[in-house]
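Q: Here is a sequence with its predicted model. Questions after.
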Amino acid sequence: MTIRRVLITFNNRPGSSELARQIQGELSRSAEVECVNVHDLEGLHKADLAFSIGGDGTVLGCLRALEDCGNTPVIAVSMGTVGFITEVQPEMWREVYDRLLDGTAALSRRRLLASEVKLPGGEWEPFADALNDIVITNKERTKILNLEMTIDGRYAGALRSDGVIVASPTGSTAYSMAAGGPILDPEMEAMVISPICPFTLSNRPVVVGGNSVVEFGIPRNQGAEVAADGQMCRSLGSESQVRVSCAGTALLAGPGGRSFIEVVRRKLHWDGGINA
């Protein structure tokens, strides 16, 4: 792999900016390197490789800033403890980089979610892509949100809840898991629909195929908010609609050698003990 341009993003956690500058210093001898705090990212950035230094949220911001995240490998360096996406430890970044150069790095291709919104009397318009999830909640936090749901054009019922999460397989270990949703292998072709605190206990999380299209209708006299990865938000009025489908991919580079279930076991302390 030939690397001529590198984007390095980092967050405000202790040590993140220092590691970013270290990587910039080492790689600037052979490539053009742009180093920027993830909170200061603006516009789209073209790169052959990207580093994300921080937590899972930093990865989400980095992917959103890439002009072609489907073909730009991202080395996600972990500066935290819980994240499922950041699997590269700080001392391993050079090893993964060298493996990318010689073609032996482990690459994981993840499906992205695409979302659209439709205002009353209007046409469908793009909202945002997401690696983890698209979430719809009530503007009035203390009130139940009523949503009409269709899956692949078929009426799938009414949801009375605090909201709903449509998660990708990667996002199944994030907000969706906290809401009681299942854990999916991150390279699956699927989506998880997880109601948030449903009023009707029979409303359970549902897994649908990666080619499915899910739509939600907001009833009259209610408003809602839709969020992509918790970073892009938009307010919607009554009788608006939200559509979610799988579209596009992201490419993550790592050291390899561990299966997804090993990562889950370690992160969730399934080996037992007081933290399990």
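A: Yes, it's here. Numbering: from 1, shown residues only.

Q: Which residues are in contact with residue 237?
A: Under the criterion of CB atoms under 8 Å, 6 or more residues apart in numbering, the neighbours of residue 237 are 119, 120, 218, 223. Quick note: C-beta positions are derived from backbone N, CA and C, even for glycine.

Q: and if we set it to 6 Å?
A: Taking CB atoms under 6 Å, 6 or more residues apart in numbering as the criterion, residue 237 is in contact with residue 223.

Q: Same question for the one 4 residues further on.
A: Taking CB under 6 Å, 6+ apart as the criterion, residue 241 is in contact with 118, 217.

Q: make it 10 Å
A: By CB atoms under 10 Å, 6 or more residues apart in numbering, residue 241 lies in contact with 116-120, 122, 124, 147-148, 150, 215-218.

Q: mind checking pLDDT for it?
A: Residue 241 carries a pLDDT score of 97 in this model.

Q: Quick check: the gap between it and residue 18.
A: Between residue 241 and residue 18 the distance is 46 Å, computed by CB to CB, to the nearest Å.

Q: Looks to me like residue 242 is in a strand.
A: Yes. The assignment for residue 242, made by DSSP: H, G, I helix; E, B strand; the rest coil, places it in a strand.

Q: So it is in contact with residue 164, correct?
A: Yes. At 9.2 Å, residue 242 and residue 164 qualify as touching, with contact defined as CB atoms under 10 Å.

Q: Between the two, tell me which one has more neighbours.
A: Between residue 242 and residue 164, counting by other CB atoms under 10 Å, residue 164 is the more crowded of the two (27 against 24).

Q: After the helix or strand where that one lies, which helix or strand is next? Please name it.
A: Assigned by DSSP states H and E, residue 164 belongs to strand 163-167. Secondary structure here is assigned by DSSP H and E; on that basis, the next helix or strand after strand 163-167 toward the C-terminus is helix 175-178.

Q: just the CA coordinates of the next helix or strand along the chain from that next one, formatted as CSV?
A: The element immediately downstream of helix 175-178 (helix or strand, assigned by DSSP H and E) is strand 190-196. Provided in CSV are the C-alpha atoms of strand 190-196 (Å, rounded to 0.1, in the frame of the first residue of the first chain):
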residue,chain,number,x,y,z
ALA,A,190,-28.1,-6.7,9.4
MET,A,191,-29.8,-3.9,11.4
VAL,A,192,-31.2,-4.0,15.0
ILE,A,193,-34.4,-2.1,15.8
SER,A,194,-34.4,-1.5,19.6
PRO,A,195,-37.3,0.4,21.3
ILE,A,196,-36.1,2.5,24.2
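
Q: quick one: average confidence on strand 190-196?
A: Across strand 190-196, the per-residue pLDDT values average to 97.

Q: Okay, angle between the strand holding residue 164 and strand 190-196 too, please.
A: Note on geometry: by axes from the mean of the first three to the mean of the last three CA atoms, to 10 degrees, strand 163-167 and strand 190-196 are set 160 degrees apart in direction.

Q: in its sheet, what does strand 163-167 sit against?
A: strand 133-138 (antiparallel), strand 190-196 (antiparallel) (DSSP bridges).

Q: chain center to that strand: distance?
A: Distance of strand 163-167 from the chain centroid (CA atoms, centre = their mean, to the nearest Å) equals 13 Å.

Q: same check, this time on stretch 84-98
A: Counting by CA atoms, centre = their mean, stretch 84-98 is centred 19 Å from the centre of its parent chain.

Q: same question, stretch 9-28
A: Between the centre of stretch 9-28 and the centre of its chain there are 22 Å (CA atoms, centre = their mean).

Q: what do you get for stretch 75-82?
A: Counting by CA atoms, centre = their mean, stretch 75-82 is centred 14 Å from the centre of its parent chain.

Q: Put the alpha carbons of that stretch into PDB.
A: Provided in PDB are the C-alpha atoms of stretch 75-82 (Å, rounded to 0.1, in the frame of the first residue of the first chain):
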ATOM      1  CA  ILE A  75      -6.300   2.900  12.600                       C
ATOM      2  CA  ALA A  76      -8.300   3.400  15.800                       C
ATOM      3  CA  VAL A  77      -6.000   3.800  18.700                       C
ATOM      4  CA  SER A  78      -7.600   3.300  22.100                       C
ATOM      5  CA  MET A  79      -7.000   5.900  24.800                       C
ATOM      6  CA  GLY A  80      -9.900   4.700  27.000                       C
ATOM      7  CA  THR A  81     -11.200   1.400  28.500                       C
ATOM      8  CA  VAL A  82     -14.700   0.500  27.200                       C
END
